[in-house]
Every structure is written in structure tokens, then in C-alpha cells.
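Visitor: pasted the sequence and its predicted model underneath.
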Amino acid sequence: MWKGTTAGAAQQQQNSMKDRLAGYFILVTGFSLLVCLFTLVFHTAYGYQYKTAIQRLILLNTFSEDLDQMNENVQFYARYEDNGYYEMAQSYIGKMQEALTAVYGEEHELALLRQIQDVAEITEALGKELLSIHTEHNPARGGDTFQAFHQKLEEIENVGSSLGEEAKILNRMELSYLDSAYVQMEKRSRQFNRIFVVIFLMICLCMFFQIQGFSRAISRPIYALIQKAEQIGSNGLREVAPIVISERMIGEIKLLTEVFNDMVGQLKQQIEMVEENARVHRLLQESKFKELQMQINPHFLFNILNMIADNAYMEHAERTEQLLLSAARMFRFSLDFSGKPVPLFREIEELGNYVFIQEQRYGEKILFEFELDEVFHHVKIPSLILQPLVENAIIHGVDRQKGKAKILIKTCYCPEEACGYISVADNGTGMNGAELETLRSHMEQYSGEEMKIGLGNVYLRLRMFYKGAASLTIESAKNQGTKVTLRIPCGEIGNCRKQSEPSGGYHV
Amino acid sequence: MKRSIIAICGFAVILGVILGCLLYVPAAVREEEKKFVCIINPGQTYWAKVRTGIEKASGELGVYTKYCTFERFRLEEQMKLLDAARYMDIDGIITLGEPQSAELNDKIRQIEKEGIPVVLIDTDAEESGRTCYIGSDNYQAGWIAAEKMAEAAGGKVRTAVFTSKLAYANQQERVNGFCDAIATMEHAEVAEIFESDADKIKIQQHLKELIANDQGINAIFCTETASTLQVGLFFENNKNSGEKILIGFDDEDTVLDFVRRGIYTATIIQESSRMGYEAVRFLKEYQPGQKQEPQIYTKVSCLTADEAEEYLKKQGRN
């Protein structure tokens, strides 16, 4: 399972560490860049404002100089009535107007704007007036009287000097405006700096918490992992619960936790398997030891039985001899094959000895029938697995029954399932449902510690021998009998011959 | 990552707004409005109040009044400023007249001819052909002063009049009003009329002579601020000069202080800020060709020691 969440999956993680780190990097770089950019823009705009203000002052200064020049030229014009001076005066007026237009451009103070407008109006009127004097009143150009000409020019000079005063006022206003604007700019610059300090602190704080959160998101699950690992180290895997995975975990950490959980799960499974195997192994060894212990008695008994049989032969007690020989064969079989696999036909052969002895014992009260499908009889099964079943059938079928007991031993091969079925059925007292349930549960729980239940023993041995592939089923009905069926896997059997006809009664 | 980019964009917007707020300076907008030029005396409480009135009216009526002053009361400078004003696109001029000056009258007539209404304040000059005069009735002011004096003196009055220059129309009118009022009273006479040219030393010297010669003068009327101040100072410093009934002019702080302390019996006060206000309002509402009241008088009153405190409080001065 954990192989599924490998590196490939990690790349697709939405909330991965790589992404987060990239995000932080972009955030920090972006913020720094923005702050730099905005500081730059602010100071550039600042410089621009200052530069414009200085330019305006220079322009106003030029205006004053031009005004002086203009006044001078008007005076000369009045004195010499020379066109050249007039032209000069007009050109200075033109320059003054240009300067005023440039200053007027982007004004921010209404009082200043009005003053500039006033000065501009006077300048413009001056130009017009000068032109009209030149064209209408200049005596040199055939204008009217000399007196009127000079009176007009004197007026122009007067206005020129007033304009000078106005220009001075304008200059003073501009300077005081610049002063206040500078103070304002300084104030705003301080505000700007303060705002940036606050913003910087806020960003630092945010980043601090972000990074704190990020490192916690990494370290916390890792501590949890370490804790789990320590827990496993001290208490073993059994009591370790998997670490809870939340959707908010960082991708890589989430993956790591998942892998850890899977690993613990796998380890748990494997350890359970090893423990199970160890338990089975221990049971096997215990049963082997018991068998070895038990082998001593059969050997002794076997020899004695043979000796008694010889004695019976000499005494012409043939029936006794037969019984003893059968018993001896049984012992021999149990000695030779105890705990070893044995071909099914050998087991059935051996069962014949047991059946013979039982027939001798019960006589007419019992009838054994065999229906055998020998096609799978070469299959090896655990030895002495059928005898306890038949013994049970006799105990529960004959002993508690007045009538004639009938025990049917049947083998059958099912090619579809590749399994052989061996069943032992009696027509004895049988069991009701509850009794059957009790028996089944006893059988399931049987672990070999007590040897009381033959059926349980058989079932355990089957499970161990076939590793769970074989099964044992009990069917029973009260007063109708019991049927125990073993299902044994025997693989594909070549030359499969379905034996539908039973081989009839088998009597030894 | 997406969140980071959104955060940066948000931050950029915030910074932009801050930057805009810090750098934005609204450009001044000059609307089409009536423009008047006001050419008057500088400084002093009286003229400062005229200016306050003009500024108040300009603000309230939405007009622009350019304020020009000359350093001293000099006709030459006034003429120059009037010339400069003529060269601007203006809708009216507020200035003070001078009936004795033919030059100024001619200039005002010329301006009127060019279609610019001229409003005279403080001093009228009817010959100039100005559109309107707004100011105190100076003759009335002199009359009130005489009445107050007679009341304080209990009927018997022998008075001296201190004025700056009788050539100034407003001074002349005040003196005329005063003299005419005295003439109607029994046991009252004007002993002398002294022209000081608003010269401090002249005033002080003349006062010394006056006290030394003792011509039985029991009251003094000053027709303008400078005389009022000097006379007040003289009597403050020379307490043994005998009881005199003093009537001053205008409401300079020091003058009001003299009134409060009883050095002056009373002072004549004009509503100077009203003058400025009315002048601007007149020009704003002026329609060429429409028949106008040629003279608008603002109130003149007499302020005594009892009323001084209240007057100061009302004016917001202390």
C-alpha cells in the first residue's frame, strides 16, 4: 500500500514544502521590491516638485530682469524716439509673458495664481499700450503731439514700476509658498517614513508568525513521529495507534506520516504472522514429545500382542489370533506412521483393522459400509485421521442405540474443486442445533492442550497439515445420525475417472 | 504561492493609495469671478479693519479683491497704483478720495470714463465723478463730538481742535461739523484749530505751549488718530496740567485704553470694517447705467469709558 504514495505522488502534493518556501520567498522579495520602488517613486516625485519650484523661482527672477530691461528701453525710447528701443521693449515684454505663462502652468495656490494673473494682465496691457503709443502717438512717425506722446510714455513707466512692485510681491509670495510647500513636503516625507516603518514592522511581524507556523507545521509532526518511534521502542508495536493525518499538513510531512503509519501496520502484520507460526511450531513440538512418550507403550504392547497371538494359534483359537493380529497391525501402523503423512489407501487399510476389531466386539449390532472412490486414494493425509471419526461414530451411534447401527465410510473425488471428500456417517442419536453449535465452537477453539476431543484433534491436524486448505464439516440431526465430512485438496488427478458406483460393503 | 502573489498585489495597491495621498496636491482653479482692486492706506487698526471688512465681503460674495497699499499717504504712489489697476481686467476700484487733488480727481474721472466703477471710502471727492462714496459722515462725527463735549463740560466750553491737515477733506469736514455744532451752543467757543501734519513733536510742543499760556481752554477735540495718541500721552505724563475734557477719534488700542482709564472722556468711533464690506458689496451688485445712491454713510458713534469694555469684547480684542 505505501508503495503507492511514493515520490511521484509527492510531486503532486498541493501543500508542499517547496511551494510554501517559494511563496515566502516571493512574498519577502516582492514586499522589499515594492517598498524600494515606492520609496524611489516618492523621492523622485519629491525631487521633481522641488525642481519645478526652483525653476519657477528662476523664471520669476528672469521676469524681473526682463522688466528692468523693458523699463530702461522705454525710457530710452521716450528720450530718443528710436524704433530700436521700442522693438527691444516689446521683445522684453514678450519674454516676460513667456516666463509668466510657464510659471502659470501648474499652480497650486489660489492667491499665487491670482497674483500671476494680475501681473500677466498688466504685462499684456503694457505691450498693447506701448504698441498703440508707437503707432498713434510717436511724433517721429507722424503721430500727434510731442506732449501727449511723452505723457503716455510716462504713464507706461509708472505702470512699469508698479509692475516691478507687483513682481516683487509675486516673488515674495512664491518664496513663502515654496517655504510652506517645503515644510509640507518635509512633513509628508516624515509621514511617509513613519508609514513605511509601520509597514515594515507589520511585514516582519507577519513573516515571523508565518515562519513560526511553518516551522511548527514541520517540527510538530516530526516530534509526533519521534514520540511514536520511542513508544514502539519501549512498548512494542501492539499498543501503537496510527498518527492522525490532517488535511492541513504540509505535503511532504503528510507523506512521511502516511509512510510511517503504513510501515507500522506492515510490521504489526508480520509480527502477528511470526507469532502465529511460533505458536504452531510450539504445538507441533509438544505433540511430537507426547507421541514419543506414547510410542514406548505401543511397542511393548505390540510385542506382547504378537506373543499372545502366537499362543492363541498354538491353542487353535483362530478368532482370538485374528483379533490379536489386527490389534497388532493397528499398533504397528500407529508406531510407523504416527505424525507422518500416509497415503489415503493405507489409512483406509488400517481403518479396516480397526473396523474388524469393532465388528468382533459388537457382532450383529453394527454394520460398516464402505463406498470408496479410489481415484484419489494415493493422496497423502495425516495418519490416524479417520480412526477417531469412526470411533466417535461407534461411541455415539452404537452404544446409545438399541437398534442396529450402521456406519458408512465414503470417499469421493470432485474434479471441479480438485478436492477429495471423505465422510463418516452414522445413524445414531445425532445432535440438535445447540449441541452442534457447542461442538463446533469447541472444535474451533481446540488448541491441543487437552486431548479430550478427538474431533478437535483431527481438525487441528488437518489445519496444520494443509495450512488451512482442508475443511471439516459436521452435519447432524437429532435421532437421525451424524455425518462428518473431510474436504482434502488433492490437486488435478490425471486419468480422472468419476466413480459414481460405490464399491459396495467392505467387510474385513 | 498564489496567495503570496495576491498579498503582494494587495500591498502594492495599498502603497499606491498611500503614495497618491502623500503626493497629491490639488491644482488651484481660478474661476471666472469679479475682480476688484482696493488701494488704501496700510496698517493701523482703522485700515486693518477696513481690510478685514473687504476680505470678509470677498469671501462671502465670491469675488477677488486685490489689496494694494502705499507706504505712506502719498498721492503719487496712489496714482501709480491706479494706473497699474487700469491695466488689469478689473470690475471695480476701491480707494480713498482727495477732493483737493485735481490730479487724483482727473485720474478717477479717466478710470470712470474707461468704464471701471470707482468707490471712494473714508474720504469723498465729489468732483472726481466717482460712482459712490461709502464712509462715515465726517461732518456728523464732528457734530457728535461737540455735543458730547458740551455735555461733559456742563455747558461752558472753550476748546482747542487738533487736526492733521485741514487740506484733507475728511479733517476739514470733521472740523466744520465740530465748529458748527459749537457755534449753536451758548457759552461755547473754539479757541484755536491746530494743524499738526500728524507730527508727534509738533503736537507735544504745541500742547506744552497751550498749557503754559493757559488761555482758559477746558477741552480738546482731536480729529484723527495721531493727534489723539499724542494728546493722550501728554496728559498721561503731565497729570498736573489741570482737568481737561478730551474727545478723541478712532479706536486704536491705546486710545481705548485712555478712554478706559478716564484720560479721554470719549472717542468717536467709525465702523471701518463695515465700510470695506459695503464697498465690495456695492461693486459686486453694481450694474452700469443703473442709478445709484452717490453716498452711503456708515454709522458714527461716541464711545465712553463705560462702554469701552463691552466694545472691546464685542470686537474680540483685549
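Guide: On my side now, so go ahead.
Visitor: just the closest residue of the stretch 151-300 of chain B to chain A, please.
Guide: Closest approach between the stretch 151-300 of chain B and chain A, counting by C-beta to the nearest C-beta: residue B:280, at 15.5 Å. Yep, even glycine has a C-beta here, placed from its N, CA and C like the rest.
Visitor: so that residue makes contact with residue B:61?
Guide: Yes - taking C-beta atoms under 8 Å as the definition, residue B:280 is a contact partner of residue B:61 at 6.4 Å.
Visitor: higher neighbour count, these two?
Guide: Applying other C-beta atoms under 10 Å in any protein chain shown to residue B:280 and residue B:61 shows that residue B:280 carries more neighbours, namely 28 against 16.
Visitor: ok, and the closest non-adjacent residue to that one?
Guide: residue B:57 (3.5 Å; C-beta to C-beta, 6 or more residues apart in numbering or on different chains).
Visitor: cool, residue B:42 as well?
Guide: residue B:69 (3.8 Å).
Visitor: burial count for that neighbour?
Guide: Per other C-beta under 10 Å, the neighbour tally for residue B:69 reads 16.
Visitor: packing partners of whichever strand or helix holds residue A:118?
Guide: Per DSSP states H and E: residue A:118 is located in helix A:110-132. For helix A:110-132, the elements it packs on are helix A:17-80, helix A:83-104, helix A:146-235, strand B:64-69, judged by 3 or more C-beta pairs under 8 Å, 6 or more residues apart in numbering or on different chains; DSSP states H and E.
Visitor: so which residue of the stretch 201-350 of chain A comes closest to chain B?
Guide: residue A:203 (8.3 Å).
Visitor: if we can go back for a sec, tabulate the helices and strands packed on helix A:110-132 (CSV), appending mean pLDDT and distance to residue A:382.
Guide: CSV is the format used below for the helices and strands packed on helix A:110-132 (pLDDT from 0 to 100; distance: least, C-beta to C-beta, whole Å):
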stretch, mean pLDDT, distance to residue A:382
helix A:17-80, 87, 59
helix A:83-104, 90, 119
helix A:146-235, 86, 40
strand B:64-69, 87, 125
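Visitor: so of those, which one's packed in deepest?
Guide: strand B:64-69 (a mean of 20; mean count of other C-beta atoms under 10 Å in any protein chain shown).
Visitor: quick one, it and helix A:146-235 angle?
Guide: Strand B:64-69 runs at 120 degrees relative to helix A:146-235, counting by axes from the mean of the first three to the mean of the last three C-alpha atoms, to 10 degrees.
Visitor: what residues sit buried inside the helix or strand in which residue B:314 is found?
Guide: Using DSSP H and E, residue B:314 falls within helix B:305-315. By neighbour count on 16 or more other C-beta atoms under 10 Å in any protein chain shown, the buried set for helix B:305-315 is B:305, B:308, B:311-312.
Visitor: try stretch A:279-287
Guide: residue A:287.
Visitor: which strands or helices does the helix or strand hosting residue B:119 pack on?
Guide: Counting by DSSP H and E, the element that carries residue B:119 is strand B:118-121. The helices and strands touching strand B:118-121, judged by 3+ C-beta pairs under 8 Å, 6+ apart, are strand B:92-96, helix B:102-113, strand B:132-136, helix B:272-285.
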